[in-house]
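1. Build the 3D model from these lines:
(chains A and B)
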Amino acid sequence: METSVEQRGVVCTVHIAGSVDGLTAEPLQQVLARELDAGHHQLVADFSAVDYTSSAGLRVLLGTVKRARAGGGDLRLAGANPDVRKVLDLSGFSGILKLFETVDDAISSFGGTG
Amino acid sequence: MSAPQPPRPARTVESLTREMEVARNIQRDFLPEALPLAMGVQLDAVLQPARDVSGDFYDAFGLEHSSTIVLVVGDVCDKGFGAALFMALFRSLIRASADPIGGGAIQMIGGRRTLVRQALESATPADLLTRVAGFTNDYIARLHGRTNMFATVFLAALTPQTGQFDYVNAGHEPAIVMGRDGRALELMPTGPALGLFPGATFRTGEGTLGPGEALVAFTDGLVEARSPRGEAFGSERLFAALRANNKSAPILVQGVIAALQEFTGQAEPHDDVTLLVARSVG
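-> Below is the predicted model:
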């Protein structure tokens, strides 16, 4: 798994590529925590290049969305493929996280801040 | 200033292995020693941990005040020791809240015990399941929210004599009703995984097992198990194994595990595998 961070206005997008599983969840958690520590509470997780996420990955999303919302922001998800979408739907995460087709849609959903 | 402490000796592989063994044995105690026996339904289950300890669990128990049997299959997020600690907690919360009379949790209420007992005894199985799911969810989300741990859980309350059951699927892999005609009915989620946020609500579903029909609950480690070529076992292979082995609960469990082993071969298991079967014998 690889990540890169892109700041557009106040919205911080974390692009993720590869599999989010028991091994890669921790490094992903650290990347997201670093942005939250820096006061970036309006986050987009770009999942368009994520082929698989295990429950360890969902746990990272849960911890991040809680912290983002506590800071007055949110974590929004963009571009999840059908397999990942199925995992999000079954577990109930799609009822918790706002999901978007594209990163641009997710960024503009934060409203006039891009 | 205290004197510098001598460095602690590195823990030997043997001592870690011993501790692992102890943990594994203790965890085994959080699974039922035996499955309940009831006229009209036959139960069997298996749990194969991918590592020394497991985040999967299953349970099956009768209630003191009715003939209902509660069936549980759960999968705590992530793996290893963290998941194993929470497995013990989820399992205990579910069992104690499902049967507070048998489990002794009501004793402390003292004078109000009779009223509480009456209320519990008049509750429908569907009420029971939504209460158990709601209580367990809120407990984990409120008291352990900082850990961000959660579990997907399938819960069913089955009346063995009639084959009727109610269920809550909390974000879990759909359980299957395998019909006599070989058709597989999937029981989709009726609420989110347990522990995500306090206040989540859970609907119930219902179904009936006719003679020779089986309710099959399992964890995603089964359908996501990989062959040496990296292909997933998947639902269709599971349905085929269930169809070919729908003769008794133990034959169903053995048949599915044999098909899984043939498929995965020598590939390293990447997740725990749990399977619980309740088959109506009519």
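2. residues touching residue B:90, list them.
-> Listed by C-beta atoms under 8 Å, 6 or more residues apart in numbering or on different chains, the contact set of residue B:90 reads B:57, B:74, B:76, B:136, B:140, B:151, B:153, B:194. C-betas here are computed from N, CA, C, even on glycine.
3. State whether it is indeed within a helix.
-> Yes - assessed by DSSP: H, G, I helix; E, B strand; the rest coil, residue B:90 belongs to a helix.
4. Tell me the confidence at it?
-> In this prediction, residue B:90 carries a pLDDT score of 98.
5. Buried residues in the longest helix along chain A, which are they?
-> Assignment by DSSP state H gives helix A:55-70 as the longest helix of chain A. By 16 or more other C-beta atoms under 10 Å in any protein chain shown, the buried positions in helix A:55-70 come out as A:55-68.
6. The nearest residue to residue B:280 once chain neighbours are set aside: neighbour count?
-> In this structure, residue B:280 finds its nearest non-sequential neighbour in residue B:209, 3.9 Å apart by C-beta to C-beta, 6 or more residues apart in numbering or on different chains. When neighbours are counted by other C-beta atoms under 10 Å in any protein chain shown, residue B:209 registers 25.
7. Check the gap between residue B:209 and residue B:67 for me.
-> Per C-beta to C-beta, to the nearest Å, residue B:209 is found 15 Å from residue B:67.
8. do residue B:244 as well
-> Distance, residue B:244 to residue B:67, using C-beta to C-beta: 32 Å.
9. Could you say which helix or strand holds residue A:39?
-> For residue A:39, there is no host helix or strand (DSSP states H and E).
10. How many neighbouring residues does it have?
-> 10.
11. for it, what are its contacts?
-> Per C-beta under 8 Å, 6+ apart, neighbours of residue A:39: residue A:71.
12. still on that earlier bit, is it true that the residue nearest to residue B:280 touches residue B:175?
-> No - at 11.8 Å, residue B:209 and residue B:175 do not qualify as touching, with contact defined as C-beta atoms under 8 Å.
13. Which positions in chain B make contact with chain A?
-> Contacts of chain B with chain A, taken as C-beta under 8 Å from any C-beta of the partner chain, map to B:75, B:77-80, B:145, B:148-150, B:152, B:170-174, B:189, B:191-193, B:196-197, B:200, B:271.
14. quick revisit: state the phi and psi torsions of the residue nearest to residue B:280.
-> Backbone dihedrals for residue B:209, given as degrees, to the nearest 10, come out at phi -100, psi 110.
15. any idea how far it lies from residue B:275?
-> Residue B:209 is 17 Å from residue B:275, by C-beta to C-beta.
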